[in-house]
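S.K.: A predicted structure for the sequence below; I have some questions about it.
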Amino acid sequence: MILKKRNTPRDLVIQRSLSIRLKVKSNEQEFHLRNIQSGIDGEKAFDQWVATHIPEQFPHVQDIRFTQNGSTLQIDSIIITPENLFLFEIKNYQGTFEFQDHKLYTEKQKEINNPNTQLERTASLLRQWLTKRNIPHPPIQPYVIFINPHFYLYTTRKEAANFIFSNQLHAFARKLEKMNRHITNSHLELANQLILNHLHESPYDKTPDHPPEDYKKGFYCKECYSFEVTLSRYYLYCEDCKEKEPIKSCLLRTIDEYQILFKGEFTTTDIYFWCNQQVSKATIRRILSSTMIKEGKYRASVYKPSTNNFAHRDQ
Ligand SMILES: [Zn+2]
């Protein structure tokens, strides 16, 4: 049973916007975007697998972040059973990899972070976090899930003790099926505490430092990201993929995007130009006053950036 769903990571929203809107793009940015996208695709594939293979009674908490002793702890997925709190780090690596002296290398002999180190750190911080709050919990069992079937790792049994490869998921599901499924209030309370303390913002989130002139203005299609769109009174139509989106939803996501790309307060006029003057100021003002907190009392109101933007909405 899903108790908290995964949100679109803020970094993905930023990198996607940069890729769609920047007039001059760098290869490094595009590479970073592909990496984040691949990570989230892996996480979603695991969510899908859990939904179809893991007994419905077990609470499933997706994407949790909090701080412990000044360190930020981010967990891709947690499943609570009466016997274990399973903590999952999900990797969507593709290709052939190799362990040499506790170090992980790609096929081109490039060293990448050892997932075991990250897993141990996360499990230890979670244990400390729960102990500090006197939250009862079953023993923590951490795993790295290599979700991609096109991943191969040369390693030892010891090094891979906490790894689950895609072709081992079936056996793992069978193990969970045999477990006691009696979920009590204390298990639900444990999940609830994790969710209540989840931090929406990451201390590592950065706002890009491009000025507005660097960006293409206007609306783009939410499905294919094309700027070849036409607006009617109520809808935005994509000329390329024929997607149709209500103007209100399109305007909201465009305002959200503005807030995530620029720091600080903004006005109706800022949004008017960001939308390439394609929607009237009156319409923008109406949307802003119904969804945002105003800073000023007068006509030239400025609006505060909201934390409740689409980076944090469920997908
Ligand atoms: Zn489209």
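M.R.: Arrived safely, thanks for sending. Residues are numbered from 1 along each chain as shown.
S.K.: So for the helix or strand where Gln74 lies, what gets flagged as buried?
M.R.: Using DSSP states H and E, Gln74 sits within strand 71-80. For strand 71-80, the neighbour count (16 or more other C-beta atoms under 10 Å) marks 73-80 as buried. Using the backbone N, CA and C atoms, a C-beta is placed for each residue, glycine as well.
S.K.: Equivalent analysis for stretch 254-267, please.
M.R.: 254-262, 266-267.
S.K.: ok, those residues vs the ion, which is closest?
M.R.: Thr254 (14.9 Å; C-beta to the ion).
S.K.: can you tell me which residues contact that closest one?
M.R.: Contact analysis of Thr254 by C-beta atoms under 8 Å, 6 or more residues apart in numbering lists 219, 271, 274-275.
S.K.: does Tyr93 really touch Tyr152, like I thought?
M.R.: No: applying C-beta atoms under 8 Å, one finds Tyr93 not in contact with Tyr152, separated by 9.6 Å.
S.K.: Any residues of the protein in contact with the ion? List them.
M.R.: 221, 223-224, 226, 238, 240-241, 243 (C-beta under 5 Å from the ion).
S.K.: Got a quick ChimeraX command for the buried subset of these?
M.R.: The ChimeraX selection below is limited to those of those classed as buried (16+ other C-beta under 10 Å):
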select :221,238,243
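S.K.: Please narrow the residues of the chain next to the ion to those residing in strands.
M.R.: Cys238 (DSSP state E).
S.K.: Show me what the top helix by length along the chain is packed up against.
M.R.: Ranked by residue count and defined by DSSP state H, the top helix of the chain is helix 27-53. With contacts taken as 3 or more C-beta pairs under 8 Å, 6 or more residues apart in numbering; DSSP states H and E, helix 27-53 sits against helix 10-21, strand 60-68, strand 71-80, strand 85-91, helix 169-177.
S.K.: Partner strands of the second one, with direction?
M.R.: Right, strand 60-68. strand 2-4 (parallel), strand 71-80 (antiparallel) (DSSP bridges).
S.K.: Next, format those strands as a markdown table and append mean pLDDT and distance to Asn116.
M.R.: Converted to a markdown table, the strands paired with strand 60-68 look like this (pLDDT from 0 to 100; distance: least, C-beta to C-beta, whole Å):
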| stretch | mean pLDDT | distance to Asn116 |
| --- | --- | --- |
| strand 2-4 | 92 | 26 |
| strand 71-80 | 94 | 15 |
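S.K.: How about the contacts made by Arg133?
M.R.: The neighbourhood of Arg133, defined by C-beta under 8 Å, 6+ apart, consists of Gln193.
S.K.: For the remainder of this discussion, apply numbering that starts at 862.
M.R.: Sounds good: first residue 862 from here, last item Arg994.
S.K.: What separation do you get for it and Ile1044?
M.R.: 20 Å (C-beta to C-beta, to the nearest Å).
S.K.: one step back: so Tyr954 and Tyr1013 - more neighbours on which side?
M.R.: Remark: of Tyr954 and Tyr1013, Tyr954 carries more neighbours, 20 against 16, as counted by other C-beta atoms under 10 Å.
S.K.: Give me the three-state assignment for that one.
M.R.: coil (DSSP: H, G, I helix; E, B strand; the rest coil).
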